[in-house]
Structures are given as structure tokens and as C-alpha cells.
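> Sharing a sequence plus its predicted fold:
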Amino acid sequence: MDRTHENEPITVGLVVGSSRPGRRGPTVGKWAAETMAGHPAARAGGLTVELVDLAEQRLPMLDEPVPARFGDYRHDHTRRWSSVVSAYDAFVFVTPEYNSSVPAVLKNAIDYLDAEWRGKPAGVLSYGSRGGGQAAEHLRVILGEVGMAVVPGHVELRLFTDFQWPAGSATDPTAHARIAPAPERAAELAIMVTELVDAVRGAVPVPVR
Ligand SMILES: Cc1cc2nc3c(=O)[nH]c(=O)nc-3n(C[C@H](O)[C@H](O)[C@H](O)COP(=O)(O)O)c2cc1C
């Protein structure tokens, strides 16, 4: 659907890019969704945000015989994932950093499709011990390859400063840390959302490959 008209609400898919048991992804995604719901565009009814949790999509490792660019999907799970992604005008990708890059589940979910991503604006929110900056850098390159228009605004959450840990547990990987981002993180996310809205409305040119 053409969302370039001011009165059409923009739908943003907030992709939760991890799937392991006990992950922090849904907590970070929920914080992002709630923060985005407070953006002026959302409060004015011009923006809706929905979580797209890759753990719920249950995609196998890529098993399509034909590369996604040809759009010749042979499996129902691919067609289902295609219709999920097609429903959104823009995306915020919430990615942790795994060994200096994105989780395999996120790369796999992106690799499944092509036209469904192409030309759509995307923002990156990373988290990790040091904010997940290397994962974010890799993700920007990957998203560029499927023709997405990655906005410059980004958010990095650091495990040791944007989460609150029970006393003495900061080095315990299983400890339950409460998400408590510094106020700047919400401001950074608001900038990203404004850029996404402007990009969908056509205020920012979409790069052509
Ligand atoms: C396999 C693995 C590799 C990781 N590698 C990094 C890393 O390279 N840099 C970093 O800052 N944090 C790293 N971490 C810490 C994660 O960013 C942190 O545990 C985060 O909560 C993982 O996201 P998740 O909880 O949604 O799975 C790693 C964690 C895992 C499980």
C-alpha cells in the first residue's frame, strides 16, 4: 500500500533478532515498542508498531532451492514469512551482538526474502556487552544488500549501563537484569523513528542499487 499520503498510518515491524531460551531480545523489543508508541507520529495516529519475534516464526535454516531474488518460493514457511514482512512499510531491527556480528537467526530470516525488504526504510537498534556496534555495522551492510534504505539514526544499549543488575550479579550470564536505558537512548530512538517516517513519506530518497 502507498503510505506516502499524510493520512495513511505507517506500519513498522519491530524485528526481535534473537531466539535462544532466556534471551533479552523480547525485553529490548518491548522497551522499543513502548518508547516508539510515545513518538508524536504514533500519538497522532500516524504510526503503528508491531513486534515480529523471529523465535515465533520458526524458520528452518534456509532451504529454498532458488535464491530469493527470483521470488520463486517452494515452501509454505517462506510464503508465510513473505506475507508477514510484506505487511510492513518500515522496520526496526533489534539485534544483539553474537561474536562480533548478528545472530544466525536474523541473517537467515533476512536471506529468505528479497522483494519484501527492497526499498523499505530500516533502523538498527543493537545491544551487547559494549552496545553491539559491530553487529549493527554488519547488519547495515546486509540490509543494504537487500535494497533497504537504512536511516542514519541508531540506538545501542550496553548490558552494563542500560540494564540494572541485582547486586553482585553483573558477571552472571543467567541473572535477570531489568532494562533501564539511559534517557538518551529514548531520544536516539525518537530520532530514528522520525527518520523512518520521513523516509516512508518520501522526504528522504531511497537508494537505488
Ligand atoms: C553466542 C554469543 C556471543 C556473544 N558475543 C558477544 C560479542 O561479540 N559482543 C558483545 O558485546 N556481546 C556478546 N554477547 C553478549 C550478548 O550480546 C548478550 O548476551 C545479549 O543479551 C544476547 O542477546 P539475547 O539475550 O537476546 O540472546 C554474546 C552472547 C552470546 C550468546
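Yep, that arrived. The structure displayed is predicted, hence computed values, not measured ones.

> For the rest of this, base every contact and every neighbour count on C-alpha atoms.
Fine.

> and stretch 159-171, average pLDDT?
Stretch 159-171 carries an average pLDDT of 87.

> Buried residues in that stretch, which are they?
Judged by neighbour count using 16 or more other Cα atoms under 10 Å, the buried positions of stretch 159-171 are 159, 162-165, 170.

> Contacts for it, please.
Where contact means Cα atoms under 8 Å, 6 or more residues apart in numbering, the residues beyond stretch 159-171 that reach it are 127-131, 175-182.

> Apply 10 Å and report the result again.
Stretch 159-171 is contacted from outside by 24, 127-132, 156-157, 172, 175-183, 185, using Cα atoms under 10 Å, 6 or more residues apart in numbering.

> picking up where we left off before, taking the buried residues of stretch 159-171, tell me the two that lie furthest apart.
Greatest spatial distance in these: D162 and A170, 12.1 Å, computed using Cα to Cα.

> Give the pairing partners of the strand ranked longest in the chain; include direction for each.
The strand of greatest length in the chain, counted in residues with DSSP state E as the criterion, is given as strand 149-158. Each strand that strand 149-158 pairs with, and the sense of that pairing, follows from DSSP bridges: strand 121-128 (parallel).

> quick one, strands of this structure?
All strands of the chain, identified by DSSP E, fall at 10-16, 47-53, 90-96, 121-128, 149-158, 163-164, 178-179.
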